[in-house]
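**Q** Kindly generate the corresponding structure for this input.
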Amino acid sequence: MLSGMFAPLKRWWEGQRDRHLFILGTTTFLSSAVVLWAIVYFFFLGGAQDPDLEHLRNWTWAGLFVGFTVLVFVAPEFLHYQGKWSLLMEVLKSTSRPDLGRQRKDAEEAATLLGSVWSARLKAHYVEHGLAKGKATNLQSEGGVPEDLIINWWRTEDSRLSRMIDAEVFRETWLNRSLGSVGLIVSILQLCNMSFGLARNAALERVNTIIIWDWLSGSRIDSVPAPYFDDISGWVLLFISLFLLWVSFPASGERPTPSITEDEEE
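**A** Below you'll find the model as predicted:
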């Protein structure tokens, strides 16, 4: 009976094989954030005794239980996938045929685990360096190396932001993922805030839109019945968050190589 209940979920999970790493990583991140909030709430804000925070107590307990349970099962799997992904990235960046041949078995196992997109890219890399039969250009033109928006975002070291600000720190994958995740979450929350409301009214119904400027300035938090789209500061926050999400995606075209001056050559 249980197998029948979870059969649709299992089929969906198998159908998302190319995105397992992304799903596991996102779930681990969100669960960690919920657990971290619970720690701050109970140990630093005194939420267990503070009557002003009582309305968050049950939700925080529930979040702590769910978040910790998810972490116990998901985090080890994510670390396993992340280790395989790191190994595969090293292989895809390598141009040494001896190193590629020595790591081939491990790389192929990692690519199989991560999905067809990675298997195709690994094969194209081996073809390019003469370790497999075929032509790398044919693999690209015939669609042998499939593209995936989420996978490309997850692995990119060449985001739009790193093109705008030429600093190595903006080519770090963890920073790019963090900026994109924050942009996405804030955008969703602000859209919900303007359209449906996140604050409670006098009847304790969560149907009021928070005026962002009042919240950011630390003054009395004002709210009005939702939907409310006349808050300029709310639109500014929404556009900034959407911009962060947009610049976290891979830039188009080849990254320009820096020119080397005569002084640098000497």
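
**Q** Secondary structure class of Gly47, three-state.
**A** Here Gly47 is coil, with the state taken from DSSP: H, G, I helix; E, B strand; the rest coil.

**Q** For it, give me its contacts.
**A** Residues near Gly47 by C-beta atoms under 8 Å, 6 or more residues apart in numbering: 41, 53, 56-57, 60. The way it works is simple: take the backbone N, C-alpha and C, and place the C-beta from them, glycine included.

**Q** what's it sitting at in phi/psi?
**A** As for Gly47, its main-chain torsions (degrees, to the nearest 10) stand at phi -60, psi -20.

**Q** Phe229: which of the contacts of Gly47 is nearest?
**A** Nearest to Phe229 among the contacts of Gly47: Leu56, at 27.6 Å, using C-beta to C-beta.

**Q** So that closest one versus Ala48, what's the distance?
**A** Separation of Leu56 from Ala48 (C-beta to C-beta, to the nearest Å) stands at 11 Å.

**Q** So Ser248 sits against Trp153, correct?
**A** Yes: with contact defined as C-beta atoms under 8 Å, Ser248 counts as touching Trp153 (6.7 Å).

**Q** Pop out the phi and psi values for the residue lying closest to Leu198 once chain neighbours are set aside.
**A** Distances taken as C-beta to C-beta, 6 or more residues apart in numbering place Ile210 nearest to Leu198, at 5.8 Å, with adjacent residues excluded. Backbone torsions for Ile210, taken as degrees, to the nearest 10, come to phi -80, psi 130.

**Q** partner residues bridging Ile210?
**A** Following DSSP bridges, Ile210 is listed with bridge partners Ser223.

**Q** Run a quick neighbour tally on it.
**A** Other residues near Ile210 number 22, with proximity taken as other C-beta atoms under 10 Å.

**Q** For Trp59, see how far away it is.
**A** According to C-beta to C-beta, Ile210 and Trp59 sit 18 Å apart.

**Q** Repeat that for Ser195.
**A** Applying C-beta to C-beta to Ser195 and Trp59 gives a distance of 22 Å.

**Q** Phe196 now?
**A** 18 Å.

**Q** and what of Tyr41?
**A** Distance from Tyr41 to Trp59, counting by C-beta to C-beta: 10 Å.

**Q** And the two? Which one has more around it.
**A** The residue with more neighbours, out of Tyr41 and Trp59, is Tyr41; 21 against 13, by other C-beta under 10 Å.

**Q** just checking, Asn208 is part of a helix?
**A** No: assigned with three-state DSSP, Asn208 falls outside any helix and is strand.

**Q** right, and it touches Phe196 too?
**A** No: applying C-beta under 8 Å, one finds Asn208 not in contact with Phe196, separated by 9.7 Å.

**Q** Could you name the helices and strands sitting against the strand or helix carrying Ala124?
**A** Using DSSP states H and E, Ala124 sits in helix 116-128. In this structure, helix 116-128 packs against helix 57-93, helix 104-114, helix 136-141, with contacts taken as 3 or more C-beta pairs under 8 Å, 6 or more residues apart in numbering; DSSP states H and E.
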